[in-house]
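S.K.: Sequence unavailable; structure follows:
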DNA sequence: GCGAGAATAGGACGAATGTCCTACGATTTT
DNA sequence: AAAATCGTAGGACATTCGTCCTATTCTCGC
């Protein structure tokens, strides 16, 4: 892995675990094991490394969802797999929240120009979910359903982070899965 | 209003709008119109002002909910009023997110000792909602229902902050209100 | 083997941070 | 009126921040 990739990886993790504002050039360089001067050679400003991290998240998210879409599962199972993320990543979510929601909110508070860039990750999930619902014959309200699933995931992530209550998260997953079954049965 | 109250007020607003980490002693003092030396006289450390802000939020939240409970509306209308908060405060939420969820998450990322203190505001809402559902005859799953309403509000707040889509927020409010009606009809 | 450019190291810079100290004016107490 | 406490001001402090510069090492085409 190239130095630049290592930097983006370390920054990605630190931005998630500590927040963008809190994470310094020095701490990223230390995590990678390089000097600040070397860091500066690859990224001139903190905003540049932020944009690189967002770009990496966009690409890894697209890749993950593409792999899901190319698997053998149908669209319903794909949506359920997305819903299950709050369980799959429960440990990180309890400690740091959702990587997408927490970054976009931090950038909103900072009034940072890259906020819209970060929201793009939400758009990737939203579009992918919408496509699944379209495949399920819900073209008319596919976007509405997609946003509802996203709403669920953000709410569960925030409260899991606050309460560290795994039984709660599982109940909410079960509830949304029931809702999903009911939605697709009565349509 | 005393200087101390003015400081807590200004810090409360700045922590919400800019985040705790980003907000400096100097910016709070400037917002109040006092010197840093005077600020230090009232609060020795940044953690002290944070705890004072959390305490103020706890008290104002308790006071608001007490006023709601003492009003003429029944428990169902009270819950609907809570649900409506994401519309009532839509402007601030679009700009800064939910004050409770965003602060608790920031403190989680900072691994800050006052995190549990901040989570207390969630507990106040949770307890109040649980009491409403108990009054509605749902003692068995009152806490589960309360957490579901909180999940909704956090999810809508996060996505409203990301997308600035008022029609979406209204659709989610309508959806949860329908869910609420159905819940209480079939019980 | 050499020279050019890429990569890395390490430190310097001003600005901002949280914290702390001392001094002055206001207010209250004796 | 004198004295003591409270409130406020303004600056000093070490540290850390993002940024930038220069010098050295590495790599690779010629």
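M.R.: Perfect, thanks for sending it. Being a predicted model, the structure only gives us computed values, none of them experimental. Residues are numbered from 1 along each chain as shown, chains lettered A, B, ... in the order given.
S.K.: From now on I want contacts and neighbour counts done on CA atoms only, so please keep to that.
M.R.: Noted.
S.K.: Can you pull the poorly scored residue ranges out of chain A?
M.R.: Scanning chain A for pLDDT under 70 picks out the ranges A:186-187.
S.K.: what does it put close to DNA strand D?
M.R.: Taking CA under 7 Å from any atom of the strand as the criterion, chain A approaches DNA strand D at residues A:21-27, A:36-37, A:40, A:44-47.
S.K.: what about stretch A:82-92, distance to the chain center?
M.R.: The chain centre lies 11 Å from the centre of stretch A:82-92; the measure is CA atoms, centre = their mean, to the nearest Å.
S.K.: Please name the nearest non-neighbouring residue to residue A:164.
M.R.: In this structure, residue A:164 finds its nearest non-sequential neighbour in residue A:94, 5.6 Å apart by CA to CA, 6 or more residues apart in numbering or on different chains.
S.K.: by contact count, what packs against the one helix or strand the one you found maps to?
M.R.: Secondary structure assignment for residue A:94, by DSSP states H and E: helix A:90-96. Here helix A:90-96 touches helix A:3-18, helix A:142-163, helix B:99-109, going by 3 or more CA pairs under 8 Å, 6 or more residues apart in numbering or on different chains; DSSP states H and E.
S.K.: Let's have these in TSV, adding distance to DNA strand C and mean neighbour count.
M.R.: Shown next, in TSV, are the helices and strands packed on helix A:90-96 (distance: least, CA to the nearest atom of the strand, whole Å; neighbours: other CA atoms under 10 Å in any protein chain shown):
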stretch	distance to DNA strand C	mean neighbour count
helix A:3-18	5	19
helix A:142-163	24	24
helix B:99-109	14	23
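S.K.: remind me, longest helix of chain A?
M.R.: Ordering each helix of chain A by length in residues (DSSP state H) puts helix A:46-70 first.
S.K.: do that helix and chain B meet at all?
M.R.: No: judged by CA under 8 Å from any CA of the partner chain, helix A:46-70 makes no contact with chain B; its nearest approach is 14.8 Å.
S.K.: That helix vs helix A:3-18, what angle?
M.R.: Relative orientation of helix A:46-70 and helix A:3-18, computed by axes from the mean of the first three to the mean of the last three CA atoms, to 10 degrees: 90 degrees.
S.K.: In terms of secondary structure, what does helix A:46-70 contact?
M.R.: Counting contacts by 3+ CA pairs under 8 Å, 6+ apart, helix A:46-70 is packed against helix A:3-18, helix A:75-83, helix A:115-135.
S.K.: is DNA strand C contacted by it?
M.R.: No: Helix A:46-70 stays clear of DNA strand C (CA under 7 Å from any atom of the strand), getting no nearer than 13.1 Å.
S.K.: Report the buried residues of that helix.
M.R.: A:49-58, A:61-62, A:65, A:68-69 (16 or more other CA atoms under 10 Å in any protein chain shown).
S.K.: Tell me the one of those residues nearest DNA strand D?
M.R.: residue A:49 (8.6 Å; CA to the nearest atom of the strand).
S.K.: which SS class is residue A:23?
M.R.: Under DSSP: H, G, I helix; E, B strand; the rest coil, residue A:23 falls in the coil class.
S.K.: Contacts only, for it.
M.R.: A:14-15 (CA atoms under 8 Å, 6 or more residues apart in numbering or on different chains).
S.K.: How much space separates it from residue A:69?
M.R.: Residue A:23 is 35 Å from residue A:69, where distance means CA to CA, to the nearest Å.
S.K.: what separates stretch A:120-134 from the chain centre, distance-wise?
M.R.: With CA atoms, centre = their mean, you get 12 Å for stretch A:120-134.
S.K.: Residues touching it, excluding its own?
M.R.: So stretch A:120-134 is contacted by A:54, A:57-58, A:61-62, A:65, A:75-76, A:78-79, A:100, A:139, A:142-143, A:145-147, A:150 (CA under 8 Å, 6+ apart).
S.K.: Could you rerun that using 6 Å?
M.R.: For stretch A:120-134, the surrounding residues in contact (CA atoms under 6 Å, 6 or more residues apart in numbering or on different chains) are A:58, A:75, A:142-143, A:146.
S.K.: Let me know the helix or strand that the residue in chain A that DNA strand C sits nearest to is in.
M.R.: DNA strand C sits closest to residue A:37 of chain A, with a gap of 2.7 Å, by CA to the nearest atom of the strand. Using DSSP H and E, residue A:37 maps to helix A:36-42.
S.K.: Can you point out the buried residues in that helix?
M.R.: Buried residues in helix A:36-42 (16+ other CA under 10 Å): residue A:39.
S.K.: who's in contact with the closest residue to residue A:154 other than its chain neighbours?
M.R.: Spatial nearest neighbour of residue A:154, chain neighbours left out: residue B:155 (4.6 Å); criterion: CA to CA, 6+ apart. Taking CA under 6 Å, 6+ apart, we find residue B:155 in contact with A:151-152, A:154-155.
S.K.: which parts of chain A sit against chain B?
M.R.: A:17-18, A:96, A:109-110, A:151-152, A:154-156 (CA under 6 Å from any CA of the partner chain).
S.K.: residues contacting residue A:103?
M.R.: Contacts of residue A:103 by CA under 6 Å, 6+ apart: none found.
S.K.: separation between residue A:165 and residue B:56?
M.R.: When residue A:165 is compared with residue B:56 (using CA to CA), they lie 26 Å apart.
S.K.: again but with residue A:74, I slipped
M.R.: 50 Å.
S.K.: Contacts for stretch A:72-92, please.
M.R.: residue A:132.
S.K.: Quick check: buried residues in that stretch?
M.R.: Neighbour counts over stretch A:72-92 (16+ other CA under 10 Å) mark A:75-76, A:78-79, A:82-84, A:86-87, A:90, A:92 as buried.
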